[in-house]
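Novice: here is a sequence with its predicted model. Questions after.
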Amino acid sequence: MFVLVNLKTYPCDPVAVAEAVRDVDETTDARLAVAPAATHIERVAETGAETWAQHVDPIDHGSNTGHALAEHVADAGAVGTLINHSERRLKLADIDGTVRAAQRADLETIVCANNPAQIGAAAALGPDAVAVEPPELIGTGTPVSQADPDVVEDAVAAAADVDPDVSVLCGAGISTGDDVVAAGDLGAGGVLLASGVAKADDPKAALEDLVAPL
Ligand SMILES: O=C[C@H](O)COP(=O)(O)O
């Protein structure tokens, strides 16, 4: 299972969380990675933790003030990027352009979507993976894998119909190892989570609990 921890803009220490991700990753067969804010990518990547961007823009080198260029994100140490997170929604053409920009910079891609129909459309754009996240469950602590198992199963089916090589993650409210196991039982290849680790008093203990049953 792939466990990707999105730090959003939570007021945690990104380097400390990254060190915990790195250390716990060495104890498990699961794959752990962390997605810090753009300004923290370089420091986080220097810890040795697998580092992802939360967003890049569908642009090339040039006159793009205030944008995140895929090549810059890769140079800073990121190996992949989230695209179209529920808190950073894009138009369809921009999702497509961002997947191409990330591929140009050799960044792995996960396109996020709200529901199975959008997952099918996202999978058609050729990312490495898609992530289904019902927005109403994000940050609630109520795990999608238990509160809305149908949305996960339907997302897995929708992606497989389009491209069986596109992996499916699920996210929203995931915070325990049982939630991760439930996600795997529904066909997900990983989980995308944030508050369960970023807001935990002890992020390393939270990570250890997430991977304990795997
Ligand atoms: O990127 C992560 C998701 O939005 C889930 O957030 P959450 O784990 O706080 O519900």
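Specialist: Okay, I see it. Numbering: from 1, shown residues only.
Novice: which residues does residue 183 contact?
Specialist: 1, 143-145, 152, 170, 174, 190-191 (Cβ atoms under 8 Å, 6 or more residues apart in numbering). Just so you know, the C-beta spots here come from the backbone N, C-alpha and C atoms, and that holds for glycine as well.
Novice: rerun at 10 Å
Specialist: The contact partners of residue 183, by Cβ atoms under 10 Å, 6 or more residues apart in numbering, come to 1, 3, 143-146, 149, 152, 168-171, 174, 189-193.
Novice: report how many residues lie close to the residue nearest to it when sequence neighbours are not counted.
Specialist: Excluding its sequence neighbours, the residue lying closest to residue 183 (Cβ to Cβ, 6 or more residues apart in numbering) is residue 145, at 4.1 Å. Residues near residue 145, counting by other Cβ atoms under 10 Å, number 24.
Novice: what's the helix or strand for residue 145?
Specialist: Assigning secondary structure by DSSP states H and E places residue 145 in helix 144-147.
Novice: now do that helix: distance to the chain's middle.
Specialist: 17 Å (Cα atoms, centre = their mean, to the nearest Å).
Novice: now check stretch 193-208, is it near the ligand?
Specialist: Yes: judged by Cβ under 6 Å from any ligand atom, stretch 193-208 comes into contact with the ligand through 193-196.
Novice: which of those has the largest number of neighbours?
Specialist: Neighbour-wise, those (other Cβ under 10 Å) top out at residue 193, 27 neighbours.
Novice: inside strands: which ones of the residues of stretch 193-208 next to the ligand?
Specialist: residue 193 (DSSP state E).
Novice: around the ligand, which positions in the chain sit nearby?
Specialist: So the chain meets the ligand at 6, 86, 133, 138-139, 171-174, 192-196 (Cβ under 6 Å from any ligand atom).
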